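Peer 1: Structure of the sequence below:
(one chain, ligands or ions: 1)
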Amino acid sequence: MSTTKLTFSRRLRETPFTDLVLDADVQSFTVYNRTLLATTFRSLEEDYWHLVEHVQVWDVSCQRQVQLQGPGATRLLQLMTPRDLSLAEDDQCFYLPICDKRGLMLNDPIAIKVAEDTWWLSIADSDLYLWATGLAHGLSYDVEVSQLDVWPIAVQGPKSKTLMQRIFGESMGDMRFFRYRRLTWQGCEFIVARSGWSGQLGYEIYIDDAEAGLRLWEELFAQGEDLQVGNGCPNNIERMEAGLLSFGNDMDYSVSPLQCGLGRFCNLDSGLDSMCIDALIAQRERGVGSRLVGVAAAGVPAMSRHSSLWIDDEEVGDIRSQAMSARYDAWLGFALLDSDLIESIKRGEKTLVLETGDKRFTAAVDELPFKPDELGFKLRPR
Ligand code: THG
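Peer 2: The predicted structure follows:
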């Protein structure tokens, strides 16, 4: 067993909860927005089953908040995204593709309008602070860009509603998906949203007071004992089954939202003053040369880190993420594939082959999220 370690420093941010996560015997971390993010506690499979059956508390402080504040805040944000911000309701969590002038993805935050002239962008793993600051300075917009000491925690899993009601009261039980409220616990007010990077019922609490956050964390574990509450983190198997995209993995600076299946978050015909609109309209007219799809293969005993896709004897596509499903007998991948090839595979004219662990398997393509019934996935024995 390798005992490779990460060296912590100011440059690699800890969070108010890092010591608690370490005490909970975290097995591995990744680095996201230069912040520690746990990736496994027991094993990916055990964490998966616990998440889909019980409730977990996640330290997702790495979802840093970039704040745009001032008379020019909304104008600046609209310039950065093809989604029409005027459609955002006051209590809405607004998932935004952020694109450059070429229509290429720079980030995919969840935006919350916390006041008339103030937005919080809960960012994915790229430095949106620099991009927004550069634009604000370069264009002399009247807006202040900052990064906040706010550390989101996520409460995810089917029993999360019960647990959250015990803490924030019965009335929060009717909160809708991707909506938020300001809720008070022991005199502290937090933004609480029904969101989180899993396909399960779940909530996120935006902690802006570290000391209160630590008390709340303890309370979640105390109140959730009979619900088998546990430590957890975003689970790569579960999020792939749910079709949730990871910036830096599935999408990056080389692809557009139209290629990633994020077209439903692009309002290209609203005449928005957004820098990427022309490029995206042109791409829509031309058609995308390649796009992200789900790929699945049955009967794979184990995967290797280096998997590849083949048609005849030619390597095709680009696998962006992969996982062995815990629920189904299936290898799951998200891959960028040539659009014409996708159609030929779907029509059965071409056979897609997955190579992993030095073996070859026939693979199917599916639009995300995966539809297990159509793919004929068989349940794995537990
Ligand atoms: N929560 C918060 N901040 C975040 C994430 C989060 N920042 C980084 C990262 N995750 C942003 N990426 C995503 C990707 C997908 C979703 C949320 C954040 C998601 N999408 C749903 C879907 O695609 O079905 C719903 C989107 C919608 O309908 O608006 O949940 O998790 N705070």
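Peer 1: for the ligand, what are the nearby residues on the protein?
Peer 2: The chain comes close to the ligand at residues 63, 95, 108-110, 122-124, 152, 178, 195-197, 204, 244-245, as judged by C-beta under 6 Å from any ligand atom. C-beta coordinates here come from the backbone N, C-alpha and C atoms, glycine included.
Peer 1: which of those residues lies closest to Cys233?
Peer 2: Trp197 (9.6 Å; C-beta to C-beta).
Peer 1: Next, find the distance separating Ala111 from Ala242.
Peer 2: For Ala111, the distance to Ala242 (C-beta to C-beta, to the nearest Å) stands at 21 Å.
Peer 1: Comparing those two, which shows the higher neighbour count?
Peer 2: Each of Ala111 and Ala242 has its neighbours counted (other C-beta atoms under 10 Å); Ala111 has more, 23 against 15.
Peer 1: wait, that one sits on Ala124?
Peer 2: No - applying C-beta atoms under 8 Å, one finds Ala111 not in contact with Ala124, separated by 11.9 Å.
Peer 1: Only the buried residues of stretch 271-279, if you could.
Peer 2: 272, 274-277, 279 (16 or more other C-beta atoms under 10 Å).
Peer 1: Likewise for stretch 300-315?
Peer 2: Per 16+ other C-beta under 10 Å, stretch 300-315 contains these buried residues: 300, 303, 307-311.
Peer 1: what's the closest of those to Gly333?
Peer 2: Checking those one by one against Gly333 (C-beta to C-beta), the nearest turns out to be Ser307, at 7.0 Å.
Peer 1: ok, now which ones touch the closest residue in space to the closest one that isn't next to it in sequence?
Peer 2: Leaving out its chain neighbours, the residue that sits closest to Ser307 by C-beta to C-beta, 6 or more residues apart in numbering is Thr356, at 3.9 Å. By C-beta atoms under 8 Å, 6 or more residues apart in numbering, the contact set of Thr356 is 300, 303-304, 306-308, 322, 331.
Peer 1: Try it again at 10 Å.
Peer 2: 297, 300-309, 319, 322, 324, 331, 333, 363 (C-beta atoms under 10 Å, 6 or more residues apart in numbering).
Peer 1: cool, Leu51 as well?
Peer 2: Counting by C-beta under 10 Å, 6+ apart, Leu51 touches 58, 156-158, 198-200, 202, 230, 232-235, 237-238, 326.
Peer 1: list the buried ones in the helix or strand containing it?
Peer 2: Using DSSP states H and E, Leu51 falls within helix 44-53. Buried residues in helix 44-53, counted by 16+ other C-beta under 10 Å: 44-45, 47-52.
Peer 1: what's across from Pro152 in the sheet?
Peer 2: Taking DSSP bridges as the rule, Pro152 bridges to Tyr206.
Peer 1: Tell me who's in contact with it.
Peer 2: 15, 58-65, 110, 122, 190-191, 193, 195-196, 204-208, 213.
Peer 1: Next: Met251.
Peer 2: 97, 104-108, 124, 245, 257, 259-262, 292, 320, 334, 336.
Peer 1: Which residues does it form beta bridges with?
Peer 2: Beta-bridge partners for Met251, by DSSP bridges, are Phe247.
Peer 1: now Gln322
Peer 2: For Gln322, the beta-bridge partners are Gly333 (DSSP bridges).
Peer 1: Give the residues shared as contacts by Ala111 and Ala124.
Peer 2: Common neighbours of Ala111 and Ala124 (C-beta under 10 Å, 6+ apart) are Ile98.
Peer 1: Verify the stated contact: Ile98 with Leu77.
Peer 2: Yes - using C-beta atoms under 10 Å, Ile98 makes contact with Leu77 at a distance of 8.9 Å.
Peer 1: what do the two both touch?
Peer 2: Contacts common to Ile98 and Leu77, judged by C-beta under 10 Å, 6+ apart, are 83, 109, 111, 121, 132.
Peer 1: related to what we said a few turns ago, show me the buried residues of stretch 271-279 that map onto helices.
Peer 2: If you go by DSSP state H, the buried residues of stretch 271-279 have 277, 279 in helices.
Peer 1: if we can go back for a sec, got JSON lines for the buried residues of helix 44-53, with pLDDT and distance to Thr162 too?
Peer 2: Formatted as JSON lines, those follow (pLDDT from 0 to 100; distance: C-beta to C-beta, whole Å):
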{"residue": "Leu44", "pLDDT": "97", "distance to Thr162": "26"}
{"residue": "Glu45", "pLDDT": "97", "distance to Thr162": "25"}
{"residue": "Asp47", "pLDDT": "98", "distance to Thr162": "20"}
{"residue": "Tyr48", "pLDDT": "98", "distance to Thr162": "21"}
{"residue": "Trp49", "pLDDT": "98", "distance to Thr162": "19"}
{"residue": "His50", "pLDDT": "98", "distance to Thr162": "16"}
{"residue": "Leu51", "pLDDT": "98", "distance to Thr162": "15"}
{"residue": "Val52", "pLDDT": "98", "distance to Thr162": "16"}
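Peer 1: and of those residues, the nearest to Leu148?
Peer 2: Using C-beta to C-beta, Leu51 comes nearest to Leu148 of the buried residues of helix 44-53, at 27.7 Å.
Peer 1: quick one: that closest one and the ligand, what's the gap?
Peer 2: 14 Å (C-beta to the nearest ligand atom, to the nearest Å).
Peer 1: mind listing the strands for the stretch 251-382 of the chain?
Peer 2: 290-297, 308-311, 314-316, 318-324, 331-338, 352-356, 359-366 (DSSP state E, counting those that start in this stretch).
Peer 1: The first one to strand 359-366, inter-axis angle?
Peer 2: Strand 290-297 runs at 120 degrees relative to strand 359-366, counting by axes from the mean of the first three to the mean of the last three C-alpha atoms, to 10 degrees.
Peer 1: Check which element follows the helix holding Leu51 along the chain.
Peer 2: Per DSSP H and E, helix 44-53 leads on to strand 56-59 as the next helix or strand towards the C-terminus.
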